[in-house]
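In: sequence plus predicted model, see below.
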Amino acid sequence: MARIASLVICALMLALFVISQSFSSPNGAPRNPAPAGLEEEIKRVEAEIDKIFAEILAQLPSIPNDVGSRMKRMQTLGKLMLYDKQLSVNKNQACAFCHMPDVDFTGPISILNMTTVSYPGSVRNASADPAQSRYGRRKPQSYTYAPYFPPLQYNQAQEDFYGGNFWDMRATGVFLQNPAAEQAQGPPVDPNEMGLPDTACVVRRLSQSPYRQFFEAVWGRQAFAIKWPSDVDQVCSKPAPPPADDPLPVHLSQEDRGRSNATYDQFALAIAAYEAGPEVSPFSSKFDYALANPDQRILSADELAGWDLFRGKAKCNTCHLDGTESLADKATRRITPGDVGSKAPLFTDFTSSNLGVPRNPAIPYFNYNKPDRYGYTANPAGSAYVDKGVADFLRDPQLNPNSDWARLAPRFDSRFQVSTLRNVDKRPRPDFVKAYMHNGYFKSLKEIVHFYNTRDKLPRCQHGAPGETTTCWPAPEFPQNMDTTIGSLGLIDEQEDQIVAFLKTLTDGYKPQQARERK
């Protein structure tokens, strides 16, 4: 009997061990299996990235090295680097993995947009299991039209920040006078994204790339005239962050560090040049075509009605500026495209706002409160973490370039950048799910418009409750500093749909000739 009892106890202990391995991981996160089909989707996106990268490489010999081709060389170099997987710690993730063209240069995997919202970084296993991988903390933000955002500035009269890139505006543009370029410098050394431990590692990988000579043709041969330490490749294979007592683990002389920093700036400026070009930011939507042809009836009745509402009763134009004045609620006159002052409106005011968006508990980052296998604890606060957006940037002396701004942080708690609405509905197929807002809580434009309309009118409910997003809303993640211009707009269901119809006219790639042929 004692022997049997001993066997039973051993069996129970073994079972408990198996269970613990099934539901926990080295970083303390619950072992939620990767969404079904994710591994295949990752392979699909990676194959597409490899194909695009190879196609760009093949084009390089045909680009002349003359003054008239300088812009093309710069933009081609920027595109190459966005599709280069070698610029990540494990040489498995390009910037484009989270920013593909057929979905407005944001997250290209529908099942991730439906579930985790954030994307796995370079540190991951084959299936990108959230418990065995590092995921980011926010939805990948589109960089379409990002180069049009000005450097971050604080307007004393308005008491507001304008400009910058990233959801929290931390890519200020202060150093390069180009927020989009400074944004490009973030992901390669973000521990949860591309994961390199030092900016010099990016330069090292560029110096080993098949397009090194093309980079030098754009920026000069001094770009890689660096004496690398013998252990540089070993150091650059260790995921970020670097040790606290060795923040620049690639040990360079002062002169070589300065040269590496300059090359890293050039890397970023080339990417920003590509993002500003017509391949990424073309102003080619149906709405743009309507602006260019005010004598033609381009927009449908519902789209025009949606535009009426957009700059009238729905108050969208308060923040997402379209070059017109917001109309009074009772305005009834017909709007024509000729009423717009700007022929290329960006549908943003470059500020930030706290809309009272509910928390999204599906983001794996909330579970990363213990060291992973590399000893990195991404989120010590765990499930208690609250993303405070712009305020977190202002409070961080390692990110905030102006210490005078730190005192302003409480007024910007949980405020996030007012993104452009251009390409907000761009997707590769009708059933492709996009996620919206910084935490991807919303899964459709209809949900967002309904939230703007009813946030303060519908009752509160728990996540997962029947009627969530239709007849009730979870509480705001951070209720202070909320935008009060929205929440109870008094729109009927048809009007919500008309606003959505208008937003769909902002998708680039409109073909007017094809539209006429279909008629």
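Out: Great, that's in hand.
In: how about the strands of this protein, start to end?
Out: Secondary structure of the chain by DSSP state E: the strands cover 153-155, 160-162, 352-353, 416-417.
In: reformat these as JSON lines; add mean neighbour count, distance to residue 267 and mean pLDDT.
Out: For glycine as for every other residue, the C-beta is placed from the backbone atoms N, C-alpha and C. Output for the strands of the chain, formatted as JSON lines (neighbours: other C-beta atoms under 10 Å; distance: least, C-beta to C-beta, whole Å; pLDDT from 0 to 100):
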{"stretch": "strand 153-155", "mean neighbour count": "14", "distance to residue 267": "25", "mean pLDDT": "98"}
{"stretch": "strand 160-162", "mean neighbour count": "20", "distance to residue 267": "27", "mean pLDDT": "98"}
{"stretch": "strand 352-353", "mean neighbour count": "23", "distance to residue 267": "27", "mean pLDDT": "98"}
{"stretch": "strand 416-417", "mean neighbour count": "24", "distance to residue 267": "23", "mean pLDDT": "98"}
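In: those into CSV, with extra columns for distance to residue 449?
Out: Formatted as CSV, the strands of the chain follow (distance: least, C-beta to C-beta, whole Å):
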stretch, distance to residue 449
strand 153-155, 29
strand 160-162, 25
strand 352-353, 16
strand 416-417, 18
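In: what's the closest of these to residue 144?
Out: strand 416-417 (13.6 Å; C-beta to C-beta).
In: where does pLDDT dip in the stretch 251-400 of the chain?
Out: 325-339, 341 (pLDDT under 70).
In: if you set the cut-off to 80 instead, what comes out?
Out: Residue ranges of the stretch 251-400 of the chain with pLDDT under 80: 324-343.
In: what does the stretch 401-519 of the chain give?
Out: 513-519.
In: need the nearest residue in space to residue 346, chain neighbours excluded.
Out: Excluding the flanking residues, the one nearest residue 346 by C-beta to C-beta, 6 or more residues apart in numbering is residue 420, at 5.2 Å.
In: now that neighbour: how far from residue 203?
Out: 31 Å (C-beta to C-beta, to the nearest Å).
In: settle it for me: which of the two has more neighbours?
Out: residue 203 (27 against 23; other C-beta atoms under 10 Å).
In: list the contacts for that one?
Out: The neighbours of residue 203, taking C-beta atoms under 8 Å, 6 or more residues apart in numbering as the test, are 223-224, 226, 260, 263-264, 267.
In: what about the helices in the stretch 201-350 of the chain?
Out: With DSSP state H, counting those that start in this stretch, the ranges of helices along the stretch 201-350 of the chain come out as 212-219, 232-235, 254-276, 286-292, 301-310.
In: got a list of what the nearest residue to residue 222 once chain neighbours are set aside touches?
Out: Distances taken as C-beta to C-beta, 6+ apart put residue 259 closest to residue 222, at 6.7 Å, once the chain neighbours are dropped. Neighbour list for residue 259: 222-223, 225-226 [criterion: C-beta under 8 Å, 6+ apart].
In: if any of those are buried, put those into a ChimeraX selection.
Out: Selection of the buried residues among these in ChimeraX, burial being defined by 16 or more other C-beta atoms under 10 Å:
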select :223,226
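In: in this protein, which residue is closest to the centre?
Out: residue 141 (1.8 Å; C-alpha atoms, centre = their mean).
In: tell me the contacts of it?
Out: So residue 141 contacts 106, 166-167, 417, 419, 438 (C-beta under 8 Å, 6+ apart).
In: also residue 298?
Out: 286, 289-290, 337, 512.
In: which of those residues sits closest to residue 459?
Out: residue 286 (37.6 Å).
In: how about the nearest residue to residue 400, chain neighbours excluded?
Out: Looking at residue 400 with C-beta to C-beta, 6+ apart, the closest residue is residue 394, at 5.5 Å.
In: quick check, that neighbour in contact with residue 410.
Out: No. The pair residue 394 / residue 410 is not scored as a contact, 9.2 Å apart, by C-beta atoms under 8 Å.
In: looking at these two, which is more packed in?
Out: The neighbour comparison of residue 394 against residue 410 (other C-beta under 10 Å) goes to residue 394, with 27 against 12.
In: re earlier: please report how far the residue nearest to the centre of the chain lies from residue 66.
Out: 36 Å.
In: now for the contacts of residue 298: which two are most distant?
Out: 337 and 512 (13.2 Å).
In: looking at those two, which one has more neighbours?
Out: Shown here are residue 337 and residue 512; by other C-beta under 10 Å, residue 337 has more neighbours (21 against 14).
In: list the contacts of the residue nearest to residue 400.
Out: Counted by C-beta under 8 Å, 6+ apart, residue 394 has contacts 400, 405-406, 408-409, 412.
In: just the buried members of these?
Out: 400, 405, 408-409, 412.
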